[in-house]
Every structure is written in structure tokens, then in C-alpha cells.
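K.L.:
Prediction below, plus the sequence it came from.
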Amino acid sequence: MKETEAVAGIDGTIIFPLVDPTRILQPHRDALILSLEMGDFDMRCILVDPGSSTDLVQASVISHMGRNLTGLENPGRILSGFNGAATTSLGDIVLSVQAGPVTLNVQFSVVQDLSPFNVILGRTWLHYMKVIPSTYHQIVSFLTEDGQIDLYGSQLAVRQCYQIAREVGTSQEDKPLPESTRALDQ
């Protein structure tokens, strides 16, 4: 996403619905995981992380989308995690992300290992969309001219992402190839 791009969301009051006990297992400590359309793919295992200052995508996801990793912009940028561990970005790529009725071109830093997540949507995307995430409610909400949009996370997806990561480990070669308009699991 470029600095000059207009903000997608609008300002107003967001009200979270009551927690539906048939949809959310309580108590929980689950991360907020979404499935969104990115390009021609239904992308799963997307972590919504307000603590991340950048939006990240796994290199294997880009390859599986049929995109070339050569020629990425800004290669070699050092990214540091909360624990001080450093990762070197392979570069940046712009991908369209559809959240409900809003599609936004997002600049992602491409990295080798995000396991168990395919994508991390951080503060950049959250702020441009004016999204308010709630891990407690397992929801992200934002406003459009047509009203409030609520996108629900999935506790089952969180557990599946972690299970896949345990089974596959960090090996990128073992990941199945996704197909266009089909779900991209890890």
C-alpha cells in the first residue's frame, strides 16, 4: 500500500455484537485468523496482528500464486520480531485484498517463514481499512457507506493452522500447491 493511497474505511462508531456462545468457545486465548480473497485465491491462515508494523506474506504463497519472486522491490530489508529476532525481507509485492465489499491493494513484505501463517495483516492494513479487531469477539469490524461490516475469525482455523504447522514443520517444500479460486491452506 502506498502512502499516497486514500484511506479505504470511513469514520464512525463501531459496535461489537454480543458474543454468540454457539460460535465462540469461551474462555479462549485464540489468535484472530481470517480467510480473505487475495487475487484469485481464497487465502486462509491470515493472522490479524495489530502488533505488527508491516504486512507480511510467505514467499511460498507468492510462488504458489504463480508470481515470480525475482524483481521484488526493496529486497534485503531487516525486519525484527517482538523477541528481537531478525528476518531479511526478500522484497515487497502489491496484492489485492478483498475484505467484504472493499478491495484494497496492499504492499506486503515477502519473507521465507511465517509459519504457521500464510499472511500477517498488521497495522498498515488495519489503519488504511480503519478496521477494529477484537480477538475476544473473534471479529474485525469496519465501516463503509453502507454501514458496519463484520468479518468473523475462526477458532477452528486457528487450531488448524497450528496443527498444519506441527505436521509440516517449517519445510516449505512439503506444502501443497494451491489452485486459483481454491482455498490456500498451508
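P.N.:
Sure thing, it's come through. Numbering: from 1, shown residues only.
K.L.:
quick one: what helix or strand has the closest residue to Glu73 other than its chain neighbours in it?
P.N.:
Among residues not flanking Glu73 along the chain, Asp92 sits closest, at 4.7 Å (CB to CB, 6 or more residues apart in numbering). All C-beta spots, glycine's among them, are computed from the backbone N, C-alpha and C. In this assignment (DSSP states H and E), Asp92 forms part of strand 91-99.
K.L.:
picking up where we left off before, kindly tell me how buried the residue nearest to Glu73 is, as a neighbour count.
P.N.:
Residues lying near Asp92 (other CB atoms under 10 Å) number 17.
K.L.:
For Met38, see how far away it is.
P.N.:
15 Å (CB to CB, to the nearest Å).
K.L.:
Then Val48?
P.N.:
For Val48, the distance to Met38 (CB to CB) stands at 14 Å.
K.L.:
With Ala99 instead?
P.N.:
Distance of Ala99 to Met38, given as CB to CB: 10 Å.
K.L.:
How about the contacts made by Asp49?
P.N.:
Asp49 sits next to 31, 120-122 when contact means CB atoms under 8 Å, 6 or more residues apart in numbering.
K.L.:
Please repeat the previous calculation with a cut-off of 7 Å.
P.N.:
Taking CB atoms under 7 Å, 6 or more residues apart in numbering, we find Asp49 in contact with 120-122.
K.L.:
With Leu72 instead?
P.N.:
Applying CB under 7 Å, 6+ apart, the residues near Leu72 are 90-93, 110.
K.L.:
Quick check: bridge partners of the closest residue to Asp150 other than its chain neighbours?
P.N.:
What sits nearest to Asp150 in space, not counting adjacent residues and going by CB to CB, 6+ apart, is Ser141, at 5.0 Å. For Ser141, the beta-bridge partners are Ile132, Asp150 (DSSP bridges).
K.L.:
gap between Ser141 and Leu47?
P.N.:
In this view, Ser141 and Leu47 are 17 Å apart by CB to CB.
K.L.:
do the same with Ser134
P.N.:
Going from Ser134 to Leu47 by CB to CB gives 14 Å.
K.L.:
just Phe142 next, same as before
P.N.:
For Phe142, the distance to Leu47 equals 17 Å [CB to CB].
K.L.:
ok, now Asp150?
P.N.:
Distance from Asp150 to Leu47, counting by CB to CB: 18 Å.
K.L.:
who's in contact with the residue nearest to Asp150?
P.N.:
For Ser141, the contact set (CB under 7 Å, 6+ apart) comprises 14, 16, 132, 148-150.
K.L.:
ok, back up a step: save the contacts of Leu72 as JSON lines, and put in distance to Ser60 and pLDDT too.
P.N.:
Output for those, formatted as JSON lines (distance: CB to CB, whole Å; pLDDT from 0 to 100):
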{"residue": "Leu90", "distance to Ser60": "11", "pLDDT": "93"}
{"residue": "Gly91", "distance to Ser60": "15", "pLDDT": "94"}
{"residue": "Asp92", "distance to Ser60": "17", "pLDDT": "95"}
{"residue": "Ile93", "distance to Ser60": "13", "pLDDT": "95"}
{"residue": "Val110", "distance to Ser60": "10", "pLDDT": "95"}
